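Enquirer: here is the input, now give the coordinates:
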Amino acid sequence: MTVMIDSTRTLFEAARERLSDQDLGSLVDLGEHAADDARRMALFCDGLACIIEADSLQQGGRAGSFQSGATIGNLLAVLGSAFDAIGSKADLGDAARAELLARAKGAGWPGGARGAAK
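Expert: Here you go, the predicted model:
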């Protein structure tokens, strides 16, 4: 796991019992946001690869801003951080969905789960 996922999971576990079903529903939506973010990151990475390749072809070899270990390292660190944030959104959305399902089963499906009136 990563820092972001570990941190959000710790916060969720600490707050789980105090979250209303409406709050959990909002967190479930993070899964959709994570999917959207992943699609945008894929497009971004494809575009970045095309720019680097085009620069390289025009320059006849090495070209662009990502030639040194430091610049490549920085790029990969930023991408890693973005994917970590996407993963934490997906993880949190999954945990909230699991909690809502557990509440619904405990209250007798499809009757109102506990926390709805909070």
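
Enquirer: quick one: pLDDT of the most centrally placed residue in the chain?
Expert: Centroid-nearest residue in the chain: residue 86, 1.6 Å away (criterion: C-alpha atoms, centre = their mean). Confidence at residue 86, expressed as pLDDT, is 95.

Enquirer: what do you get for the one 10 residues further on?
Expert: As predicted, residue 96 sits at a pLDDT of 95.

Enquirer: just to revisit the earlier point, my read: the residue nearest to the centre of the chain touches residue 36, true?
Expert: No - counting by C-beta atoms under 8 Å, residue 86 sits too far from residue 36 to count as a contact (9.3 Å). The way it works is simple: take the backbone N, C-alpha and C, and place the C-beta from them, glycine included.

Enquirer: and the helix or strand where the residue nearest to the centre of the chain lies, which residues are buried?
Expert: Taking DSSP states H and E as the criterion, residue 86 maps to helix 69-107. By 16 or more other C-beta atoms under 10 Å, the buried positions in helix 69-107 come out as 82, 84-93, 95-97, 99-100, 103-104.

Enquirer: looking at this protein, which helix or strand is least sure?
Expert: Every helix and strand in the chain was compared by mean pLDDT, DSSP states H and E; the lowest is helix 30-59, with a mean of 88.

Enquirer: buried residues in that one, which are they?
Expert: For helix 30-59, by 16+ other C-beta under 10 Å, it's 30, 31, 34, 37, 38.

Enquirer: what about the residue nearest to residue 100 when sequence neighbours are not counted, distance to residue 15?
Expert: Of all residues not flanking residue 100 in the chain, residue 24 sits nearest, at 4.9 Å (C-beta to C-beta, 6 or more residues apart in numbering). Residue 24 sits 10 Å away from residue 15, going by C-beta to C-beta, to the nearest Å.

Enquirer: do the same with residue 98
Expert: The value you get for residue 98 to residue 15, if C-beta to C-beta is used, is 15 Å.
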